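Participant: This is a predicted model, with the sequence first.
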Amino acid sequence: MKYFNEGNILKKLILEYKEMSQKGTVCFFEGTAFLDIMLYFENQGNIEEAIEVCDLASTQHLSTMEFYFHKGRLLLEIDKLEIALENIEKALSLSPNNLEANFLYVEILIELKDFINVSTHLDKMNTNLSKDEKSHLYFLQSKMYERKGDFPNMFFSLREALLENSDNPIMLNKIWLAAEISGLYEESAEFHLKLIEENPYSYLAWYNLGQAYFCLEKYEESAEAFEYVFIINKQFDIAYRDGAEALIMANKYDKALEVYEELLGICEADSDVYAKIGLCQEHLGEREIAKVYYLKSLEKNASNSMALFRMGECYMIEEKWSVAIKYYNKAIKADSNREDYVIAIAQAYSKNKNTQQAKIFFEKATEMAPELTEHWTAYASFLMKLGNNEEAFFILDEAENYTLDTEVLYCKVACLFAMSKRKEALKTLTQALQKNPSLLESLFVLIPELEQDSEVKALIKIFCS
């Protein structure tokens, strides 16, 4: 819309208009002159003045729809929807078939949430349109669905829009939003593959394909799609980050490091990148190098919870319990909603012989994520090591209110044996073996000597032979 010449003629025109306005009298201007003046004020950010120009122009050019159109457009920008609608209706009364005015009319109706009239008007318009015009019509339909919160239909409308115009960056960005919210990952992957066949150099189509594959847990395919993104557009740094993340999820840590190295060639590393590099090094067995990168991450952002947590994990492996606890505490302070941080510090306190603190954090972990069996069994195992077998059994009883995992039963078996309730233990073991014999090893982790128990061996023979 903002296409005027900033030359001497325009400057003279603006000066003349301003002088006349200050005197309260404006002589006749050609319509094109009014348009130049209006666009000048709009580009200056002076929307109110641009609207005044439209008002004046429409009094001098009564049968010209353009000034009502532009006034409506400007009023939409400043959210004066009802007056905007009135002006577009005037514009359409002068030029009913003007496509731009019809599209703008629909946009205003969408903002007013008059969805019935939006649908009716779009249906009327959907004839004899060019590919670009049809694409814009479907795009407006998608905006209606977005405002309604109907994200599946938003996705399908954008799909139709992109079939008419496959390289529109706004629509390519929005279609992934719709796919992500509505969970249409398969449909998104299928569509973007088709789009890429038509336009193999669309880096945004490749990016959306990578996102869809990632959500489908097809991590290697996802990483490959992201690689095409930064081959086509070397400066699109988010693709390097997402590609490396996909490789981490695929356990391809060496390849992820290569991608991070490429990323560092185009931009400066932030705290998250250093933390991820540290994670890759840690998984590759380079714990000391990993710690260097975690510390670099913390130099950039002292509250990076992942880097703090991974430092704690490194020191747990080194059996430096107090140092691990220090980092876990900082991680929890940075992000108090992560139950994996809480269970980790509980284990660290347990190793450090701080029974009271360990118990507090084990209990907190089960409260934060009661559906996770491993938190309950870890808590029960901790209590059993202290000789608190009855309390451990009570905890496991509570666990069964939240999880039906058979591992809870095996843990109960261990408790019952530890409490010398052999008959009940064997009965419970029978139930556990009937449900899931593959989890039997969890029992022997808790009480290794049961592996040689004759009655236990007999039951195993019955259910596992």
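Facilitator: Alright, I've got the coordinates. Numbering: from 1, shown residues only.

Participant: What strand or helix carries Ile110?
Facilitator: Per DSSP states H and E: Ile110 is located in helix 99-111.

Participant: Low-confidence stretches in the chain?
Facilitator: 1-9, 16, 19, 21-28, 465 (pLDDT under 70).

Participant: need the longest helix for it.
Facilitator: helix 131-148 (DSSP state H).

Participant: For that helix, list every residue counted as buried.
Facilitator: 134-146 (16 or more other Cβ atoms under 10 Å). C-beta here means a position set from N, CA and C on the backbone, and glycine is covered the same way.

Participant: re earlier: just the CA trace of whatever helix or strand comes next after the helix holding Ile110, in CSV.
Facilitator: Downstream of helix 99-111, the next assigned helix or strand under DSSP H and E is helix 115-125. In CSV, the C-alpha atoms belonging to helix 115-125 read as follows (Å, rounded to 0.1, in the frame of the first residue of the first chain):
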residue,chain,number,x,y,z
PHE,A,115,-18.4,-15.6,11.5
ILE,A,116,-21.7,-16.4,9.8
ASN,A,117,-21.4,-13.4,7.5
VAL,A,118,-17.7,-14.2,6.9
SER,A,119,-18.6,-17.7,5.6
THR,A,120,-21.4,-16.4,3.5
HIS,A,121,-19.3,-13.6,1.9
LEU,A,122,-16.3,-15.9,1.2
ASP,A,123,-18.7,-18.4,-0.5
LYS,A,124,-20.0,-15.6,-2.7
MET,A,125,-16.5,-14.5,-3.6
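
Participant: Not counting helix 115-125 itself, show me its contacts.
Facilitator: Leu99, Asn102, Tyr105, Val106, Leu109, Ile110, Leu137, Leu140, Gln141, Met144, Arg147, Lys148 (Cβ atoms under 8 Å, 6 or more residues apart in numbering).

Participant: Tell me which residues of stretch 394-405 come out buried.
Facilitator: Buried residues in stretch 394-405 (16+ other Cβ under 10 Å): Ile395, Leu396, Ala399, Tyr402, Thr403, Asp405.

Participant: er, stretch 106-118 actually
Facilitator: Val106, Glu107, Ile108, Leu109, Ile110, Asp114, Val118.

Participant: same thing with stretch 458-465?
Facilitator: Leu459, Ile460.

Participant: about what we covered before: could I get the buried residues of helix 131-148 in TSV, plus columns for distance to Ala212?
Facilitator: Formatted as TSV, those follow (distance: Cβ to Cβ, whole Å):
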residue	distance to Ala212
Lys134	25
Ser135	21
His136	25
Leu137	25
Tyr138	20
Phe139	20
Leu140	25
Gln141	22
Ser142	18
Lys143	22
Met144	24
Tyr145	19
Glu146	19
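
Participant: out of those, which one sits closest to Leu15?
Facilitator: His136 (37.6 Å; Cβ to Cβ).

Participant: my guess is Ala346 contacts Gln356, does it?
Facilitator: No: the criterion here is Cβ atoms under 8 Å, and Ala346 misses it with Gln356 at 11.4 Å.

Participant: Which one's more surrounded, the two?
Facilitator: Ala346 (25 against 7; other Cβ atoms under 10 Å).

Participant: For Asn354, see how far away the nearest residue to that one once chain neighbours are set aside is.
Facilitator: Spatial nearest neighbour of Ala346, chain neighbours left out: Phe361 (3.6 Å); criterion: Cβ to Cβ, 6 or more residues apart in numbering. For Phe361, the distance to Asn354 equals 10 Å [Cβ to Cβ, to the nearest Å].

Participant: same question, Glu220
Facilitator: 43 Å.

Participant: now the spatially most central residue of the chain: how far from Lys194?
Facilitator: For the chain, the residue nearest the mean C-alpha position is Glu180 (7.6 Å; Cα atoms, centre = their mean). To Lys194, Glu180 is 19 Å away according to Cβ to Cβ.

Participant: Look at Glu261 and say how many residues are nearby.
Facilitator: There are 12 residues near Glu261, going by other Cβ under 10 Å.

Participant: Run through the residues that contact Leu396.
Facilitator: Trp376, Thr377, Ala380, Val408, Cys411, Lys412, Cys415.

Participant: which of these has the most neighbours?
Facilitator: Neighbour max across those (other Cβ under 10 Å) = Cys411, 31 neighbours.

Participant: Now that residue. Nearest residue, chain neighbours left out?
Facilitator: According to Cβ to Cβ, 6+ apart, the nearest residue to Cys411 is Thr377 (4.8 Å).

Participant: tell me which element that neighbour falls in.
Facilitator: Short version: Thr377 belongs to helix 373-385, going by DSSP H and E.

Participant: what's the answer for Asn337, then?
Facilitator: With DSSP H and E as criterion, Asn337 is part of no helix or strand.

Participant: these two touch, right, His283 and Lys252?
Facilitator: No: contact between His283 and Lys252 fails when scored by Cβ under 8 Å: they sit 10.0 Å apart.

Participant: Mind checking which of these two has more residues around it?
Facilitator: Between His283 and Lys252, Lys252 has the larger neighbour count (other Cβ under 10 Å), namely 18 against 15.

Participant: residues touching the more buried one, list them.
Facilitator: Glu220, Ala223.

Participant: one more time with 10 Å
Facilitator: Lys252 sits next to Tyr219, Glu220, Ala223, Ala244, Ala246, Glu258, Val259, Cys280 when contact means Cβ atoms under 10 Å, 6 or more residues apart in numbering.

Participant: what about the last one, neighbour count?
Facilitator: Around Cys280 sit 24 other residues, with neighbours defined as other Cβ under 10 Å.

Participant: Then the second one?
Facilitator: Residues within reach of Glu220, counting by other Cβ under 10 Å, total 15.

Participant: what do you get for the fourth one?
Facilitator: When neighbours are defined as other Cβ under 10 Å, Ala244 has 27 of them.

Participant: secondary structure element for it?
Facilitator: helix 237-249.

Participant: Quick check: the closest residue to Lys435 other than its chain neighbours vs Gln431, distance?
Facilitator: If the residues on either side of it in the chain are set aside, Lys435 comes closest to Thr406, at 4.5 Å by Cβ to Cβ, 6+ apart. Distance from Thr406 to Gln431, counting by Cβ to Cβ: 9 Å.

Participant: Looking only at neighbour counts, state which of these two leads.
Facilitator: A count of neighbours by other Cβ under 10 Å puts Thr406 above the other of Thr406 and Gln431, at 20 against 12.

Participant: could you pull out the helices for the stretch 351-465 of the chain?
Facilitator: Under the criterion DSSP state H, counting those that start in this stretch, the stretch 351-465 of the chain carries helices at the ranges 355-368, 373-385, 389-399, 406-418, 422-435, 441-446, 454-464.

Participant: Lys174: which of these is closest?
Facilitator: helix 355-368 (35.3 Å).

Participant: That closest one versus helix 389-399: what angle between them?
Facilitator: Going by axes from the mean of the first three to the mean of the last three Cα atoms, to 10 degrees, helix 355-368 is angled at 20 degrees with respect to helix 389-399.
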